[in-house]
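Asker: dropping a prediction and its sequence here:
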Amino acid sequence: MSKVTHLQLLDLAGYSLENDSLKSNSHSAFYTRVETDSRKVNGSSVFFALPGVASNGWDYLDAVVSLGCKLAVVPSYLALQRDDIELISVESPTALLVMCLQRYFGHMPEHIVAVTGTNGKSSICYYVAQLAESMGFNSGLVGTFGVGPLQQLKEAKQTTPDVLSLQRILMSMSSSGVNFVAFEASSHALDQGRIDGVPFQTAVFSNLSRDHLDYHGDMMSYATAKQRLFAFNGLANAVICLDDDYASFMASVVTTSTCCYYSEQNTAADFYVKQLTLGPEGSEFILCHPEGETSVFLPLLGRFNILNALAALASLWHEVNDKHILIKALSLLRGAPGRMDKLQHEGSPLVVVDYAHTPDALQVALCALKEHSKGRLICVFGCGGDRDRGKRPLMMQAALENADYVWLTSDNPRTESIEQIFSDVLLNTCVDENFRFEPDRRNAIQQAILSADQHDVVLIAGKGHENYQEIQGIKHHFDDREEALRALERYVN
């Protein structure tokens, strides 16, 4: 059983152990658990009181004492003193927690890639893991599509877990043989220090557009949170999309000499493409890379997936010797769950399920599908409740400007009224006969598909891989793929 003693913690925290004032009865005790959740402690736990968003760990010292906890680590700036629990005061309890975990409780995978950006994080991570497997690594994921080894993913409760959970997940994967991990670094996690102490070698930036301003307040604060990823100590490689307006902002804090850029067609990048041909099954192009040029077939829809694949390729470039095999593995990539996910029966329209839930993502998805459509482009979308209200009319604008017909429906209303959401979506918007409002998402999907011609493309946007719809705090089973397949069965029969 892994264990840590009071003296070992004091040593890690930089205390002088010769100081008699540090001696106490607990020095001989050992602890088999570390916790940041006050509800999970017991007499064998060290409680790390970390700062939080709604509340702070040190607000719950009374609670942890009542559960038998005898030792807590708290920030030194609080100058706390208590008689019912021993306190170790340090500048950063998070830093001490990470040191303790990695010294006494486990090891990290050898190769870790962190990916940030508004759109594309999940797909890039999924492609990184696949390419790593192709190159002989045992790969894993931490993000939207799940947690764990690539072939044994478990449901993820949030994009980036809390600092303790993330450390434990990575150590667990390492102990099971995973040696290459790609994880999503959300702006919330970066702002809240949830990835502090993770020894990732490569950081990837995809793009930045409006999202999460209900949390960050403005775009500069949002961008600054993302930028923190590229200022981490120990970063060996930075991979940045040259096509994004924030590319130079992210690169401005990079200190590693290995900073490479990818682009769709900008020849100033290290990785870009030329002679691009888009077809119903994917794309063909000449890949330009640091060692020359190579013909590639990529079995994915959309120009943005070319960028996602290039980001994944660049993130492994310095990790492998045989670049030819790495490039060849691009032709084996599987589409990410709920990302430009193709559904079609013979004689039916092409239906695509995609997670696009921001104005930029919706515009990109629609523009990508225009190049694959011989008929009309039909869009079904909604906006989530209890989230950034300012992006709702922008979503409608993106749909109306890029689709031939628009179905506005519900997404995850959560605790907000559907009427309020729709009112925001339609703010200052003029709609015409190419628009239909159907609040029931199941009906909207069915009617959109049944009313389409076999040469049309129907995009069902917003939920992607999600298999639920959240209404008034309750998650009801709902899967866009399942609903689309039911409608397609009716269409051909």
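Answerer: Nice, I can see it.
Asker: only C-alpha atoms from now on, for both contacts and neighbour counts.
Answerer: Fine.
Asker: end to end, how far does stretch 334-341 reach?
Answerer: 10 Å (C-alpha to C-alpha, to the nearest Å).
Asker: what residues sit buried inside that stretch?
Answerer: When burial is assessed from 16 or more other C-alpha atoms under 10 Å, stretch 334-341 yields the following buried residues: Gly335, Ala336, Pro337, Gly338, Arg339, Met340, Asp341.
Asker: average pLDDT for that stretch?
Answerer: Averaged over stretch 334-341, pLDDT sits at 88.
Asker: now swap in stretch 217-233 and tell me
Answerer: On average, stretch 217-233 scores 91.
Asker: what ranges do the helices span in the stretch 201-350 of the chain?
Answerer: Using DSSP state H, counting those that start in this stretch, the helices found in the stretch 201-350 of the chain span residues 213-216, 219-227, 247-251, 303-316, 323-328.
Asker: could you tell me how far the longest one lies from the centre of the chain?
Answerer: If you compare the mean C-alpha spot of helix 303-316 with that of the full chain, they lie 15 Å apart, counting by C-alpha atoms, centre = their mean, to the nearest Å.
Asker: so which of the buried residues of stretch 334-341 is the closest to Met219?
Answerer: Comparing the buried residues of stretch 334-341 against Met219 with C-alpha to C-alpha places Arg339 closest, at 25.2 Å.
Asker: any residues touching the helix or strand of the chain with the lowest mean pLDDT, and which ones?
Answerer: Ranked by mean pLDDT, DSSP states H and E, the weakest helix or strand in the chain is helix 213-216, scoring a mean of 72. Under the contact criterion C-alpha atoms under 8 Å, 6 or more residues apart in numbering, helix 213-216 has outside partners Met219, Tyr222, Arg387, Asp388.
Asker: got a winner among those residues for most neighbours?
Answerer: Counting neighbours by other C-alpha atoms under 10 Å, Tyr222 leads these with 22 neighbours.
Asker: please name the nearest non-neighbouring residue to that residue.
Answerer: His216 (5.4 Å; C-alpha to C-alpha, 6 or more residues apart in numbering).
Asker: mind pulling up the phi and psi values for the residue nearest the centre of the chain?
Answerer: Nearest residue to the geometric centre of the chain (C-alpha atoms, centre = their mean): Glu184, 3.8 Å. Main-chain torsions, Glu184, degrees, to the nearest 10: phi -90, psi 130.
Asker: pull the contacting residues for it.
Answerer: Ala114, Val115, Thr116, Lys121, Ser122, Cys125, Val142, Gly143, Thr144, Thr159, Thr160.
Asker: so which of those sit within helices?
Answerer: Of the contacts of Glu184, the ones assigned to helices by DSSP state H are Lys121, Ser122, Cys125.
Asker: show the buried residues in the residues you listed.
Answerer: Among the ones in helices among the contacts of Glu184, those scoring as buried are Lys121, Ser122, Cys125 (criterion: 16+ other C-alpha under 10 Å).
Asker: in space, what's closest to the last one - neighbours in sequence excluded?
Answerer: Think Cys125. Ala182 is the one closest to Cys125 (C-alpha to C-alpha, 6+ apart), at 5.2 Å.
Asker: what's the average pLDDT for the host helix or strand of the one you found?
Answerer: Here Ala182, judged by DSSP states H and E, is contained in strand 180-184. Averaging pLDDT along strand 180-184 yields 96.
Asker: strands paired with that strand, and their directions?
Answerer: If you go by DSSP bridges, strand 180-184 pairs up with strand 111-116 (parallel), strand 139-143 (parallel).
Asker: send me it as CSV with only the CA atoms.
Answerer: C-alpha atoms of strand 180-184 as CSV (Å, rounded to 0.1, in the frame of the first residue of the first chain):
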residue,chain,number,x,y,z
PHE,A,180,1.2,7.9,-24.6
VAL,A,181,-1.7,10.1,-23.5
ALA,A,182,-3.6,13.0,-25.3
PHE,A,183,-5.7,15.1,-23.0
GLU,A,184,-8.0,18.1,-23.5
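Asker: immediately after that strand, which helix or strand?
Answerer: Following strand 180-184 toward the C-terminus (DSSP H and E): helix 187-192.
Asker: beta partners for the residue nearest to the centre of the chain?
Answerer: Using DSSP bridges, the bridge partners assigned to Glu184 are Val115.
Asker: ok, it to Ser176 distance?
Answerer: Distance from Glu184 to Ser176, by C-alpha to C-alpha: 21 Å.
Asker: tell me the domain ranges of the protein?
Answerer: According to automatic domain parsing, the chain comprises the domains 4-104, 111-332, 341-492.
Asker: and Phe145, what does it touch?
Answerer: Taking C-alpha under 8 Å, 6+ apart, we find Phe145 in contact with Ser122, Tyr126, Leu153, Glu155, Ala156, Pro337, His465.
Asker: next: Gln265.
Answerer: For Gln265, the contacting residues are Tyr272, Val273, Lys274, by C-alpha under 8 Å, 6+ apart.
Asker: show me what counts as buried in stretch 286-300.
Answerer: Buried, per 16+ other C-alpha under 10 Å, within stretch 286-300: Ile286, Leu287, Cys288, His289, Val296, Phe297, Leu298, Pro299, Leu300.
Asker: starting at the chain centroid, how far to it?
Answerer: 26 Å.
Asker: which sections of the stretch 251-400 of the chain are below the confidence cut-off?
Answerer: Within the stretch 251-400 of the chain, not a single segment meets pLDDT under 70.
Asker: ok, 80 please
Answerer: Scanning the stretch 251-400 of the chain with the threshold set as pLDDT under 80 gives 257, 279-281.
Asker: relative to Ser451, which of the helices of the stretch 201-350 of the chain is closest?
Answerer: Using C-alpha to C-alpha, the helices of the stretch 201-350 of the chain put helix 303-316 closest to Ser451, at 27.5 Å.
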